[in-house]
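Show me how the following folds:
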Amino acid sequence: MSIRSRFDEQLARLGDSLIEMGSMVEQAIADANRALIERDAALAKKVASGDDEINHKEKEIERQCLKIIMQQQPVAGDLRLVSSVLKITTDLERIGDQAADISAITLRISDKPYVEKPEDYFPQMAAATAKMVADSIAAFVEKDLELAQGVIEYDDIVNGLFNKVKKALVELIRQNADDSDQAIDLIMIAKYFERIGDHAKNIAEWVIFSLTGMHKDIQVM
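Below you'll find the model as predicted:
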C-alpha cells in the first residue's frame, strides 16, 4: 500500500469516527427533548451519563488526528482537514454537554406540573438543532460548501425560536411571579438549545475552512 493510500485510509476512518460522534450527539439532543416533554427522569439520567461516552469519543478522535499529523505530516488542504476535525469535535463535545445540562434541569423540575407546556416550543428547537448538527457533519463528509452555508443561515431559525420561547415565558413571569422559578429554568433550557445551534454553526464554519482556507471571511491558510 502506498503512503497516500494509507493516508486516505486514515482520513476515511477519521470521517467515520466523526459521523459516529455526530450521531451520538443527535441522539442526545433527541433524548434530552423527549425526557423533558415526557418528564422522564430515567431518560434524563441516561442523557447525563451518556455525556461521558461523547467525551470519550472526542478523545479517540483527537488521538486519530494527532497520529495522522505525526505520521503523515499533512500540508495544505490535508492539514486544514485534520485541523478542522479537531475543532469540530470540540463543538460536538460541547453540544453533548448542553444536552446533559438540559437533562439536569429536567431532573430538577420534572416532579412537578409544568407551568407552560414544553411541547409547544422545545420539539421545534430540538428538531432544528439536530438538523443543523446532521447537516454540518454531512457537509464535512460530502465536502459540500452549499450545505455548510445553509447550516449557518439556518441558525437564524433557531434564534427566532429561542426569542419566541423567551417572550412567552417572560410574559408568564409577569403574570404570575409564583411560577417564576420554573419559568426561568425553562428559559435556560431554551438557551441551551440556542447554544447547540451556535455550535452547529461553528462546525459549518470549520467545514468551510477545511475546503477553502477561509474562516469567517478571513483567509487563514
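
Just the terminal-to-terminal distance for stretch 116-130.
23 Å (C-alpha to C-alpha, to the nearest Å).

Can you mark which positions in it are buried?
Glu116, Pro118, Tyr121, Phe122, Gln124, Met125, Ala126, Ala128, Thr129, Ala130 (16 or more other C-beta atoms under 10 Å). The C-beta positions use only the backbone N, C-alpha and C, and glycine is treated the same way.

what's the answer for stretch 135-142, then?
Asp135, Ser136, Ile137, Ala138, Ala139, Phe140.

wait, the third one sits on Ala200?
No. Assessed by C-beta atoms under 8 Å, Ile137 is found out of contact with Ala200, at 9.1 Å.

For this protein, which segments are assigned as strands?
214-215, 218-219 (DSSP state E).

What pairs with the first one, parallel or antiparallel?
Sheet pairing of strand 214-215 (DSSP bridges) gives strand 218-219 (antiparallel).

OK, contacts around the residue positioned nearest the centre of the chain?
The centroid of the chain falls nearest to Ile95 when counting by C-alpha atoms, centre = their mean (3.8 Å). Shown in contact with Ile95 (C-beta atoms under 8 Å, 6 or more residues apart in numbering): Val25, Ala28, Ile29, Val133, Ile196, His199, Ala200.

swap in Ile196?
Contacts of Ile196 by C-beta under 8 Å, 6+ apart are Ile29, Ile95, Gln98, Ala99, Thr129, Met132, Val133, Val158.

Now Val133. Nearest residue, chain neighbours left out?
Ala200 (4.8 Å; C-beta to C-beta, 6 or more residues apart in numbering).

That neighbour contacts Asp155, doesn't it?
Yes. With contact defined as C-beta under 8 Å, Ala200 counts as touching Asp155 (7.4 Å).

Overlap of the contact sets of those two?
With C-beta under 8 Å, 6+ apart, Ala200 and Asp155 have common neighbours Met132.

can you point me to the longest helix in this structure?
helix 3-38 (DSSP state H).

Output the contacting helices and strands for it.
Packing partners of helix 3-38 (3 or more C-beta pairs under 8 Å, 6 or more residues apart in numbering; DSSP states H and E): helix 41-72, helix 76-109, helix 122-142.

at 10 Å instead, please
Applying 3 or more C-beta pairs under 10 Å, 6 or more residues apart in numbering; DSSP states H and E, one finds that helix 3-38 contacts helix 41-72, helix 76-109, helix 122-142, helix 180-212.

relative to helix 3-38, how tilted is the first one?
This means helix 41-72. 170 degrees (axes from the mean of the first three to the mean of the last three C-alpha atoms, to 10 degrees).
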